[in-house]
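# I need the structure of the sequence given here:
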Amino acid sequence: MTTDTTTATSPDTTPNTEPDGTARGRGDGGLMAVELAILTPFVIAMVLLVVAFGRITHARALVDGAASAAARAASLATGPGAAVTEGQAAALASLAAAGLACTGPTVAVDTSALRPGGQTAATVTCTADLSALVLIGVPGSLVLTAQAISPVEAHRDLSGGAP
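Coordinates of the predicted model:
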């Protein structure tokens, strides 16, 4: 009696090995490395962009703080001349203490309403250096401006000690 020992193989039951015993590849070897090589520059650019926006936001906050310090110092002064001097000194000291690299900071103090119950205003303008972020398309510098108003106490003597 003869038995037929041959079996038909369907495409679903073919082994995943070559006739010599080596594994058969699916044709996508190295695809992950290619994807990583393509995506890495975009990921790095996004991280640098987040850093740039963080630095800009921090610089804006420091300029806002300097304007507030200038307005407050001016509101505590005894006269318009002293208010301008003390306001400018307070703003520049605030920027220097914060470590903000400003080129040509300007401080304008408005003392037109410096009277009991009035107010003082200060405007600080600063050109922040962003040259370290030029690689991702951020301009080399950014002009930041902030304004703050501080009230003068209603029962304040602004005569400067004069009788």
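# show me where this protein has helices.
When assigned using DSSP state H, the helices of the chain occupy the ranges 31-75, 80-98.
# burial of the residue lying closest to A77 once chain neighbours are set aside, as a residue count?
For A77, ignoring the flanking residues on the chain, the nearest one in space by C-beta to C-beta, 6 or more residues apart in numbering is A83 at 3.7 Å. Glycine gets a C-beta too; all of them are placed from N, C-alpha and C. Under the neighbour criterion other C-beta atoms under 10 Å, A83 is assigned a count of 25.
# how far away is A83 from T123?
Distance of A83 to T123, given as C-beta to C-beta, to the nearest Å: 14 Å.
# spatially central residue for this protein, please.
For the chain, G54 is the residue whose C-alpha lies nearest the centre (C-alpha atoms, centre = their mean; 2.0 Å).
# circling back to that earlier point, contact partners for the residue nearest to A77?
With contacts defined as C-beta atoms under 8 Å, 6 or more residues apart in numbering, the neighbours of A83 are A73, A74, S75, A77, V109, T111, L114, T120.
# the third one - how many residues pack around it?
The burial count assigned to S75 is 24, neighbours taken as other C-beta under 10 Å.
# who touches the residue lying closest to it once chain neighbours are set aside in this structure?
Among residues not flanking S75 along the chain, S150 sits closest, at 4.1 Å (C-beta to C-beta, 6+ apart). The contact partners of S150, taken as C-beta under 8 Å, 6+ apart, are S68, A71, R72, A74, S75, Q119, T120, A121, A122.
# what's the answer for T85, then?
With contacts taken as C-beta under 8 Å, 6+ apart, T85 has the following neighbours: A77.
# ok, now L142?
If you count contacts by C-beta under 8 Å, 6+ apart, then L142 has I56, A59, T127, A128, L130 around it.
# nearest spatial neighbour of the second one, chain-adjacent residues omitted?
Just to be clear, that refers to A59. Going by C-beta to C-beta, 6+ apart, A59 has A128 as its nearest residue, at 4.6 Å.
# got a list of contacts for stretch 94-110?
Under the criterion C-beta under 8 Å, 6+ apart, residues 59, 62-63, 65-66, 69-71, 74, 83-84, 87-88, 91-92, 120-129, 141 lie in contact with stretch 94-110.
# thank you, goodbye.
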